[in-house]
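Participant: Sequence and computational prediction follow.
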Amino acid sequence: MKKRAAVLYLALIAGLVLIVFGWYSASFLTYGAGTESDSTTATETLTIPIVTNTATPKADIPQIFDGDRAYADVQAQVDMGPRTPGSEGHAKVREWMRAELESAGWVVEVQETERMGHPIYNIIAKRNDEAPQVILAAHYDTRLAADQDLDESKRTEPVPGANDGASGVAVLLELARTLPKDTEPIWLVFFDAEDNGNIDGWDWLLGSRAFVEEVPVQPQAVIVLDMIGDADLNIFLEQNSNPTLSAEIWSKAAELGYEDKFIQTRKYSMLDDHTPFLEKGIPAVDIIDFDYPYWHTTEDTSDKVSAESLSAVGNTLWHWISER
Ligand SMILES: [Zn+2]
């Protein structure tokens with residue numbers, strides 16, 4: 001009986017050792033694959049020093065930003081109809097943003113002006129009267145014409161703007177609700193009339209240009225969010241953006257395990273709401289996923305956007321701002 005018990009014990013121990021050894025080897029294989037792809041990325045971006053980490057989101061870092069709530073805000077905007085300048089949806093979204101921001105404790109001001117004969121309403125949210133050190137911005141208008149639609153008959157229809165418009169606004173609003181109150185002075189700015197270039201009587205960036213021309217601020221950093229909700233999210237480093245600030249944000253994303261979404265390779269060169277700031281010598285970054293097949297089409301709808309993508313961008317910015 002004693003001998004039989006000893007044999008059983010030995011067999012049990014041998015089994016456990018085998019399981020542990022197998023697990024250990026498997027973890028090495030997975031880690032090896034991750035490291036290899038990391039080093040490939042690193043050689044392509046030698047000019048920008050970026051800290052890379054493992055690809056797994058860190059469970060021990062608290063996530064306060066709620067991607068599901070941000071997704072609901074994308075849906076809410078799309079439900080208002082197109083937010084093209086002058087439309088009912090445009091007026092509705094302005095009122096809705098004000099209500100959401102005020103209930104989150106922000107003071108809302110509207111910069112009301114005019115460009116190319118069109119009224120412009122930039123929505124500015126602040127917490128106090130201090131000059132902003134950081135400005136987070138997104139455009140809330142949607143494009144008048146879906147001129148990239150594959151179906152030619154739809155090219156005069158407005159763009160629903162789930163990703164191109166609503167996604168950036170949704171992340172800003174969820175940051176308004178969740179950011180700690182003791183950050184450095186920050187403004188959230190919702191630009192009007194970004195998206196009507198190449199249409200008669202319009203140009204791109206009317207809202208952000210009007211802001212830079214008329215609102216006398218000198219922030220240390222301006223971060224623009226545009227088209228950051230694509231369920232298949234690929235945000236490459238934008239070529240015109242301030243390299244130091246970009247490196248900070250992409251590093252933060254990698255620290256949080258989002259390096260598959262914030263890709264550390266320079267790709268597109270964009271004209272976007274960061275441009276007027278750069279022209280004035282203000283450090284600015286454009287966070288944009290321009291690999292979006294539904295760009296300026298009638299297919300830019302909520303089903304192309306995911307809470308996970310909104311969460312990756314929101315959580316990255318939440319930590320970048322809170323830890324500055
Ligand atoms: Zn657009």
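Facilitator: It's in. Numbers count the residues shown, from 1 in each chain.
Participant: For the chain, name the helix or strand with the lowest mean pLDDT.
Facilitator: helix 2-44 (a mean of 44; mean pLDDT, DSSP states H and E).
Participant: what's the following helix or strand after that helix?
Facilitator: helix 67-79 (DSSP states H and E).
Participant: which helices and strands does that next one pack with?
Facilitator: Packing partners of helix 67-79 (3 or more Cβ pairs under 8 Å, 6 or more residues apart in numbering; DSSP states H and E): helix 88-103, helix 168-178, helix 307-322. Where you see a C-beta, it was placed from the backbone N, CA and C, and this is true even at glycine.
Participant: nearest to residue 63, of these?
Facilitator: helix 307-322 (5.6 Å; Cβ to Cβ).
Participant: Can you classify residue 160 by secondary structure?
Facilitator: Here residue 160 is recorded as coil under DSSP: H, G, I helix; E, B strand; the rest coil.
Participant: Could you list the domains of this structure?
Facilitator: 1-44, 67-322 (automatic domain parsing).
Participant: As JSON lines, those with mean neighbour count and distance to the ion would be great.
Facilitator: Formatted as JSON lines, these follow (neighbours: other Cβ atoms under 10 Å; distance: least, Cβ to the ion, whole Å):
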{"stretch": "domain 1-44", "mean neighbour count": "10", "distance to the ion": "27"}
{"stretch": "domain 67-322", "mean neighbour count": "20", "distance to the ion": "4"}
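Participant: between the ones you listed, which gets the lowest average pLDDT?
Facilitator: When these are compared by mean pLDDT, domain 1-44 comes last with a mean of 44.
Participant: among the helices and strands packed on helix 67-79, which is nearest residue 134?
Facilitator: helix 307-322 (6.5 Å).
Participant: Any chance you could list what contacts that closest one?
Facilitator: For helix 307-322, contacts defined as Cβ atoms under 8 Å, 6 or more residues apart in numbering pick out 61, 63-68, 70-71, 74, 134, 136, 167, 170-171, 174-175, 178-180, 183, 186, 223, 225, 228-231, 233, 235, 248-249, 252-253, 255-256, 258, 261-262, 287.
Participant: Try it again at 7 Å.
Facilitator: 63-65, 67-68, 70-71, 134, 136, 167, 170-171, 174-175, 178-180, 183, 186, 223, 225, 228-231, 233, 248-249, 252-253, 256, 258, 261-262, 287 (Cβ atoms under 7 Å, 6 or more residues apart in numbering).
Participant: re the thing from before, mind putting the helices and strands packed on helix 67-79 into CSV with distance to residue 152?
Facilitator: CSV is the format used below for those (distance: least, Cβ to Cβ, whole Å):
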stretch, distance to residue 152
helix 88-103, 24
helix 168-178, 29
helix 307-322, 30
